[in-house]
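# I need the structure of the sequence given here:
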Amino acid sequence: MRSIAVYCGSNFGRGDGYLKAAVALGQTLAAQSIRLVYGGTTKGLMGVVADAALRAGGEVHGVITEKLVERGQLHEGLTSHDVVPDMRNRKARMAQLAEGFVAMPGGIGTLEELFEIWVEGQLYPPARPIGLLDVGGFYGPFFGMIDHMIEERFLPQGHKAMVMAHADPAQLVSAMRAYTPVTVEKWGL
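Numbering: from 1, shown residues only. Have a look, this model is predicted:
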């Protein structure tokens, strides 16, 4: 795996656990020669993971919108970057550049990016690996909802297996490298 897109908050979250996890993820990607693809800003956890990867000698590619560049939010120290017209193009370009995806804790933008890439893998297999950096059990309620969707027969059990979670970045990347795409038949067709 040569590149991973990381979705994460433009805020830092409560406490320093998320910040430490972002540093560890950036360092892990750099140590394993995996290019970080991310949202291109200096804001919140996005800036932290990029800075950590860069300090560790990693390659970091940012994909940022024109509006964010106009606001002065482009990370000036990146290895490379793309400027795109809008968020839709930003997500598409990030997906185009990535061989795998990691969602750190974040807000609705992080979840939206996660769900979009998960749906893509569901509809257009084979899916690329998707990992959740589960800092402090952040994604526990998420998996509770996924289990509820399975119980109510809105989601086949196999689709849950498309997303893996670990609290440790190195273990998460290792699981992503070992990922075998899941094929699930659609119900009711």
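
# At which residues are the strands of this structure located?
Taking DSSP state E as the test, the strands found in the chain are 3-7, 35-38, 60-65, 80-84, 100-103, 130-133, 163-166.

# I'd like to know which elements the fifth one is packed against.
Read that as strand 100-103. Identification of packing neighbours for strand 100-103 by 3 or more C-beta pairs under 8 Å, 6 or more residues apart in numbering; DSSP states H and E yields strand 3-7, helix 108-123, strand 130-133, helix 169-177. (C-beta placed from N, C-alpha, C; glycine too.)

# D16 is nearest to which of the strands of the chain?
Closest to D16 of those, according to C-beta to C-beta: strand 130-133, at 15.1 Å.

# In its sheet, which strands sit next to the closest one, and in what direction?
Note on strand 130-133: by DSSP bridges, its sheet partners are strand 100-103 (parallel), strand 163-166 (parallel).

# Just the CA atoms of that strand, as PDB, please.
The C-alpha trace of strand 130-133 is given here as PDB (Å, rounded to 0.1, in the frame of the first residue of the first chain):
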ATOM      1  CA  ILE A 130     -11.100   1.200   5.100                       C
ATOM      2  CA  GLY A 131      -9.900   1.700   8.700                       C
ATOM      3  CA  LEU A 132     -11.100   3.600  11.700                       C
ATOM      4  CA  LEU A 133      -8.500   4.900  14.100                       C
END
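
# So what touches that strand?
Where contact means C-beta atoms under 8 Å, 6 or more residues apart in numbering, the residues beyond strand 130-133 that reach it are 21, 25, 100-105, 114, 117-118, 121, 139, 142, 162-167, 169, 172-173, 175-176.

# low-scoring pLDDT stretches of this protein, where are they?
Residues of the chain that meet the criterion pLDDT under 70 lie in 186-189.

# at 50 what do you get?
Counting by pLDDT under 50, the chain has low-confidence residues at 189.

# Just the buried ones out of the contacts of strand 130-133, please.
21, 25, 100-105, 114, 117-118, 121, 139, 142, 162-167, 169, 172-173, 176 (16 or more other C-beta atoms under 10 Å).

# check contacts around P126.
Counting by C-beta under 8 Å, 6+ apart, P126 touches P181, T183.

# Could you pull up phi and psi at it?
Backbone torsions for P126, taken as degrees, to the nearest 10, come to phi -80, psi 140.
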